[in-house]
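A.B. asks: Dropping the sequence and predicted coords here.
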Amino acid sequence: MKLILVYVVVAALALLVQGARINKNPKPKPKSKKSKVAAAFDETGISEQLGITPPNDLLTVTFGKIGQNLGNDIYAGKTIVIPTVEYPVKHKVYYTWVLIDPKFFSSENEESERTYAFAVYMNILKLNLDKAYAAAKYLPPRPRPGTGRHTYVALLLEQEDKIDTSCADAPNFEYHRLGFNLPALIANYSLSEPVAGNFHTAEFPDNLEEACKTVCDEDEQEEEGCEEEEEEEEEEETGCEEEDEEEEEEEEKGCEEEENTEEEEEEEEVEGCEE
């Protein structure tokens, strides 16, 4: 009996020692996967260039019929008008929206002043840019010819509260767009790291005639497509009109035949009565 008890105690101690060893070397927790948006910002180097934590959510930014799509190319002529910005914002929370070019200058000697702000809007409620405070009114992105491909980054940041824009030191980047410092903006006005973002690229080659020809060809194709659609609509309308006319003629003929039949019946009745 004593031997059995000793065996049980030894086995229990062995289990305790093994458990302690396991606890000392716990398995590492699996790393959480990056979102598609965050991965795109990191892979393109935007996060490092701007000195920010990449956003996890996608910000919908649309220029007319064309929207940003994590690095797609949009011709500068299509971004003349301020875009619409969409995102499921929080109720009664103010936001800041920026549109910036992290590499406005491609020269390494001008690295300290290579970020340019094309738009900075603050105190945004329900993503209504018309009623927001424009610290830098929207300027259409315009890559300089021959400077390569530029990236235009749109970011949405949460504000702790409404920013006082009535004071003399209110944020104003209208005449200080070059050298825009996003981390400083975040620190100075207690903004969050970007909650949502998106970006597109654009380029003007050295040969502007070639670029203009490409754009003109695209516009002509669009116009031809529109003309074809209009012709199809006209054909449909013509077909509908012909069908309507045929139906009306058939109805009129039917009515005339009915009237003739009724007249014949009346004549027969009159003749019968006379007889």
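C.D. replies: Yep, that arrived.

A.B. asks: what's the burial count for residue 204?
C.D. replies: The burial count assigned to residue 204 is 19, neighbours taken as other C-beta atoms under 10 Å. All C-beta spots, glycine's among them, are computed from the backbone N, C-alpha and C.

A.B. asks: which non-adjacent residue is nearest it?
C.D. replies: residue 145 (4.3 Å; C-beta to C-beta, 6 or more residues apart in numbering).

A.B. asks: Tell me which stretches of this structure form strands.
C.D. replies: 57-58, 60-63, 66-67, 72-73, 84-86, 95-101, 116-124, 133-136, 150-158, 196-202 (DSSP state E).

A.B. asks: give me the number of residues near residue 145?
C.D. replies: 12.

A.B. asks: what's the answer for residue 159, then?
C.D. replies: Residue 159: 17 neighbours (other C-beta under 10 Å).

A.B. asks: contacting residues around the residue nearest to it when sequence neighbours are not counted?
C.D. replies: Nearest residue to residue 159, sequence neighbours excluded (C-beta to C-beta, 6+ apart): residue 94, at 4.1 Å. Neighbouring residues of residue 94 by C-beta atoms under 8 Å, 6 or more residues apart in numbering: 122-125, 158-159, 161-163.

A.B. asks: Need the phi and psi values for residue 94.
C.D. replies: For residue 94, the backbone dihedrals (degrees, to the nearest 10) come out as phi -90, psi 150.

A.B. asks: Residue 174 versus that one, what's the distance?
C.D. replies: 20 Å (C-beta to C-beta, to the nearest Å).

A.B. asks: ok, now residue 182?
C.D. replies: 17 Å.

A.B. asks: Have a look at the two and say which one is more surrounded.
C.D. replies: residue 182 (23 against 12).
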